[in-house]
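> Here is a sequence together with a model predicted from it:
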Number of protein chains: 2
Amino acid sequence: MNLENAAKKLEALGNSTRLAIFRELVKSGAEGNTVGEIRDTLDIPASTLSHHIAKLVNAGLLVQERHSRSLICTVDHSNMDDLMEFLVNNCCTEEWYIQPD
Amino acid sequence: MNLENAAKKLEALGNSTRLAIFRELVKSGAEGNTVGEIRDTLDIPASTLSHHIAKLVNAGLLVQERHSRSLICTVDHSNMDDLMEFLVNNCCTEEWYIQPD
DNA sequence: ACCATATTTCTATAAATGTAGAATATTCGT
DNA sequence: ACGAATATTCTACATTTATAGAAATATGGT
């Protein structure tokens, strides 16, 4: 994870609407949520939501998989872990130098 | 740390120039760096640098203290820790549920 | 084939962002 | 008081972003 890529991910998370979307999907775990479910939960117009999701996908933080008519969104935790490691190793004190397995 | 505030900090870090500034200051620890030192290290025009630093200060990630003619910038690690805790608790898997002291 | 569902892409618009030169402010030394 | 050093604020401009309605695309059911 280089600096450019970390910045891109941080920018994607650096918007309250997108951070709310991401947090919902973290809560939903491996099951994820359809775009429609996110829309209903957070009450965001479809086209606005679609753009925000696209930004998160483009940053590598989400994955979308089609399931019949619905698109299921899930968090890409391996990429999120990489971002966390970048932050721990470059942006924190030594107290954070504890890595996940 | 609420979602809005976390998003604001993430947005501040979500730009490669600002992330580079922040990383330099993390490296410098409690001593910090003057604006001029950052300017020389990263080769950023003064006015551009000033705006980026202001954004990081406004987000609560940096603190500036005047020392004679120079302004010394240091990382506000307590606020950064709060952001990290938000990320660990809201945006990560359980593997990250290890907190600093 | 047609209709309903689910989501994206198109289009438009207002606001925010990044950049950086020029002008201004603050502090220090003489 | 004046000049040098340090950094911010002013100004301008091009680019990007966030928002969301309308149109288009893709899928599935009848």
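Sure thing, it's come through.
> Surely residue A:41 and residue A:24 touch.
Yes. Look at residue A:41 against residue A:24 with CB atoms under 8 Å: they come within range, at 6.1 Å. To be clear about C-beta, it is placed using only N, CA and C from the backbone, and glycine gets the same treatment.
> Compare neighbour counts for those two and give me the winner.
residue A:24 (18 against 14; other CB atoms under 10 Å in any protein chain shown).
> Would it be right to say that that one lies in a strand?
No. Read with DSSP: H, G, I helix; E, B strand; the rest coil, residue A:24 is helix and lies in no strand.
> give the contact list for it.
A:33, A:38, A:41-42 (CB atoms under 8 Å, 6 or more residues apart in numbering or on different chains).
> Now render the residues you listed as a markdown table, adding distance to residue A:83.
Shown next, in a markdown table, are the contacts of residue A:24 (distance: CB to CB, whole Å):
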| residue | distance to residue A:83 |
| --- | --- |
| A:33 | 21 |
| A:38 | 21 |
| A:41 | 24 |
| A:42 | 22 |
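> Can you name the two of these that sit furthest apart?
Within those, two members stand farthest from each other by CB to CB: A:33 and A:42, at 10.1 Å.
> thinking again about what came up before, shared neighbours of residue A:41 and residue A:24, which are they?
residue A:33.
> mind listing what the closest residue to residue A:12 other than its chain neighbours touches?
Nearest residue to residue A:12, sequence neighbours excluded (CB to CB, 6 or more residues apart in numbering or on different chains): residue A:59, at 3.7 Å. Residues counted as contacts of residue A:59 (CB under 8 Å, 6+ apart) are A:8-9, A:11-12.
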